[in-house]
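**Q** Structure for the following, please:
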Amino acid sequence: MASVLIREAKEGDCGNILRLIRELAEYEKLSDQVKISEEALRADGFGENPFYHCLVAEILPVPGEPQGPCVVGYGLYYFIYSTWKGRNIYLEDIYVKPEYRGQGIGSKIIKKVAEVALDKGCSQFRLAVLDWNKGAMDLYKALGAQDLTEAEGWHCFRFEGEAMRELAGK
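**A** The predicted model follows:
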């Protein structure tokens, strides 16, 4: 079996990341919500003050195989701040192509994000999951995550588009 490398994304990975973002949206039955472009990913993730950071899971070919490395998953994260706990990291997306699931790639991405969080002095590692994605919830719990909806009753909300403009008076 080929080996897997979890590494920081490079600007040249944006095309693969966008492809995987679209696959994730399709899996989540939310394809119509993807509005991001490869250019926006480049500008927002690889400029002077990046809005996000990203890890990619890359399958390295066995020596002698004709094809090169292949990106099969990603974890996109950024830093947030808790007024109670200080520095936090938020994993916005984690996705592994279906044919590569069950090989520990998702766990490796999550563990690498945890490593980054600790290196940056974060006290918490947060993420969200759709309520029907039991496989993901089971994985996160098995890795030690706490379900805040169950434990503390938290619900997530979002303002966007017209609601956000109205709030801002624009």
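**Q** any idea where the helices of this structure begin and end?
**A** 14-27, 38-45, 105-119, 134-142, 148-152, 161-168 (DSSP state H).
**Q** Of those helices, which is nearest residue 5?
**A** helix 105-119 (9.3 Å; CB to CB). C-betas here are computed from N, CA, C, even on glycine.
**Q** what's the closest one packed up against?
**A** Under the contact criterion of 3 or more CB pairs under 8 Å, 6 or more residues apart in numbering; DSSP states H and E, helix 105-119 touches strand 3-8, strand 53-60, strand 70-82, strand 86-96, strand 124-127, helix 134-142.
**Q** residues making contact with the last one?
**A** Outside helix 134-142, the residues that touch it by CB atoms under 8 Å, 6 or more residues apart in numbering are 106, 107, 110, 127, 129, 130, 147.
**Q** Now the buried members of those.
**A** Among the contacts of helix 134-142, those buried by neighbour count (16 or more other CB atoms under 10 Å) are 106, 110, 127, 129.
**Q** Check what pLDDT the residue lying closest to residue 94 once chain neighbours are set aside gets.
**A** Leaving aside its chain neighbours, residue 94 sits nearest to residue 75 (4.7 Å; criterion: CB to CB, 6 or more residues apart in numbering). If you check residue 75, the pLDDT there is 98.
**Q** before we move on, the earlier item: which of the helices and strands packed on helix 105-119 sits closest to residue 34?
**A** strand 86-96 (11.1 Å).
**Q** who's in contact with residue 66?
**A** Residue 66 touches nothing, counting by CB under 8 Å, 6+ apart.
**Q** Check the one 10 residues further on too.
**A** Taking CB under 8 Å, 6+ apart as the contact definition, residue 76 lies against 17, 52, 53, 54, 91, 92, 93, 94.
**Q** Pull the most distant pair out of those residues.
**A** Maximum pairwise distance among the contacts of residue 76 (CB to CB): 14.3 Å, between 17 and 91.
**Q** Alright, that wraps it up for me.
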